[in-house]
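Colleague: All I have is the shape, not the residue letters:
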């Protein structure tokens with residue numbers, strides 16, 4: 001008789017273990033389904049949609065120049081960079097070259113504050129106005145930046161005329 005009781009207890013434990021694992025597996029599958037649905041919807045825009053006006057902001061460049069929404073002229077190319085982003089580093093020289101071609105008044109580089117941000121500033125500063133700010137700083141919030149690198153070109157009335165993840169927005173207005 002003790003043998004039968006032990007066998008029944010062992011089987012009950014095995015059934016409970018199997019049931020627990022099944023419930024955990026179902027939960028994990030639901031989580032994966034939600035993640036796949038999110039991926040199918042596509043990635044969010046890196047910043048404000050085309051035609052939207054940037055929000056008001058106040059910032060100071062590394063050279064001490066005060067910047068606001070109104071100080072950015074039509075045709076200004078703006079790039080957002082993060083020192084911890086490898087893609088940002090690969091786009092940085094292309095952005096700097098285009099900024100040098102356009103002139104400092106028509107190029108703004110925004111670099112996330114970091115121990116390594118000085119390297120990006122050194123590349124950008126000769127060609128563009130540069131703002132170094134914390135994550136989600138005033139300029140990034142004004143442009144609704146969701147990911148880096150992010151680039152845009154401003155149109156009339158500080159509206160976004162072109163944007164994307166590449167330097168191709170440097171094309172003339």
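Modeller: Good, I have the coordinates. Only a predicted model underlies this, so the values are computations on that prediction, with no experimental measurement involved.

Colleague: Could you use CA atoms for every contact and neighbour count after this?
Modeller: Noted.

Colleague: residue ranges of the strands in the chain, please?
Modeller: 58-60, 66-68, 77-81, 107-112, 129-133, 150-154, 160-164 (DSSP state E).

Colleague: Take those and write them to a markdown table, including mean neighbour count and mean pLDDT.
Modeller: Below are the strands of the chain laid out as a markdown table (neighbours: other Cα atoms under 10 Å; pLDDT from 0 to 100):
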| stretch | mean neighbour count | mean pLDDT |
| --- | --- | --- |
| strand 58-60 | 15 | 93 |
| strand 66-68 | 14 | 93 |
| strand 77-81 | 28 | 93 |
| strand 107-112 | 26 | 94 |
| strand 129-133 | 24 | 95 |
| strand 150-154 | 27 | 91 |
| strand 160-164 | 22 | 80 |
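
Colleague: Could you dump those strands into CSV and include distance to residue 92?
Modeller: Shown next, in CSV, are the strands of the chain (distance: least, Cα to Cα, whole Å):
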stretch, distance to residue 92
strand 58-60, 21
strand 66-68, 21
strand 77-81, 8
strand 107-112, 9
strand 129-133, 12
strand 150-154, 11
strand 160-164, 14
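
Colleague: Please identify which of the ones you listed is closest to residue 95.
Modeller: strand 77-81 (7.5 Å; Cα to Cα).

Colleague: Spatially central, which residue of this protein would that be?
Modeller: A centroid search over the chain (Cα atoms, centre = their mean) returns residue 147, at 0.9 Å, as the residue closest to the centre.

Colleague: which ones are touching that residue?
Modeller: Taking Cα atoms under 8 Å, 6 or more residues apart in numbering, we find residue 147 in contact with 46-47.

Colleague: Backbone torsions only: list them for it.
Modeller: phi -160, psi 150 (degrees, to the nearest 10).

Colleague: got the end-to-end distance for stretch 58-65?
Modeller: Stretch 58-65 has its terminal residues 11 Å apart, counting by Cα to Cα, to the nearest Å.

Colleague: and it, how far out from the chain's middle?
Modeller: Offset of stretch 58-65 from its chain centre (Cα atoms, centre = their mean, to the nearest Å): 22 Å.

Colleague: now stretch 50-70
Modeller: In this view, stretch 50-70 has its centroid 18 Å away from the chain centroid, taken as Cα atoms, centre = their mean.

Colleague: any residues touching that stretch, and which ones?
Modeller: Here stretch 50-70 makes contact (Cα under 8 Å, 6+ apart) with 48, 129-132, 138-139, 141-143, 157-163.
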